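K.L.:
sequence first, predicted coordinates after that:
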Amino acid sequence: MTYCSASYQFSYLDTPEFYTTGLHILSMIAIPIHLFGAYCILFKTPETMSSVNRCIWTTGWTGCQQNIPDFFAVWVCGKYTMYIGMILIFENRYLIITDANKYWKAFRKPWMVLNYICAVSVGIPFYLMIPEDQESSRSKVFEV
């Protein structure tokens, strides 16, 4: 099934090189901005907001996982862990600003642990689906 008419003329915008170049340019713009943000959070954040620094360690862990062979399973776990870290930053700010009730203060730490357990366990099914014989599976995927 083709989605283009017979008279369609392909251009540079249709090539994989365009997407690769575009993503590299976007990375060259985004990485310095993210590094500056990390610098501001780590070194310019007042002591009263020091708990925000945990977001740097969460996102840093997500970025370090690119050398791990089981990339997708770890990537999924890292992303969910990063989301949980962001939620906990807002929860921490809420707790400090509103001086939440004693029931939430008692329930808060088990809730955090449960969130991280759920975030890490999300990647387990993906890890278990990795075939043992990866060479034959790879050849099946790349067959045309």
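P.N.:
Yep, it's here.
K.L.:
state the next helix or strand along the chain beyond the helix or strand bottoming out on mean pLDDT in the chain.
P.N.:
None of the helices or strands of the chain scores lower by mean pLDDT, DSSP states H and E than helix 54-64, at a mean of 51. Note on helix 54-64: by DSSP states H and E, the next helix or strand toward the C-terminus is helix 71-98.
K.L.:
for Ser136, see how far away the spatially most central residue of the chain is.
P.N.:
By C-alpha atoms, centre = their mean, the chain has its centre lying nearest to Lys79, at 3.1 Å. From Lys79 across to Ser136, the span is 29 Å (C-beta to C-beta, to the nearest Å). The C-beta positions use only the backbone N, C-alpha and C, and glycine is treated the same way.
K.L.:
Pro131: neighbouring residues, count only.
P.N.:
By other C-beta atoms under 10 Å, 10 other residues sit near Pro131.
K.L.:
model confidence for it, exactly?
P.N.:
Predicted confidence (pLDDT) for Pro131: 74.
K.L.:
please apply the same query to Asn92.
P.N.:
We have a pLDDT of 79 for Asn92.
K.L.:
in three-state terms, label the closest residue to Leu88 other than its chain neighbours for me.
P.N.:
Nearest non-adjacent residue to Leu88, counting by C-beta to C-beta, 6 or more residues apart in numbering: Met112, 6.2 Å away. Secondary structure, DSSP: H, G, I helix; E, B strand; the rest coil: Met112 is helix.
K.L.:
residues near Met112, how many?
P.N.:
15.
K.L.:
same deal with Ile31?
P.N.:
10.
K.L.:
over to Thr45?
P.N.:
Neighbour count of Thr45, defined by other C-beta under 10 Å: 14.
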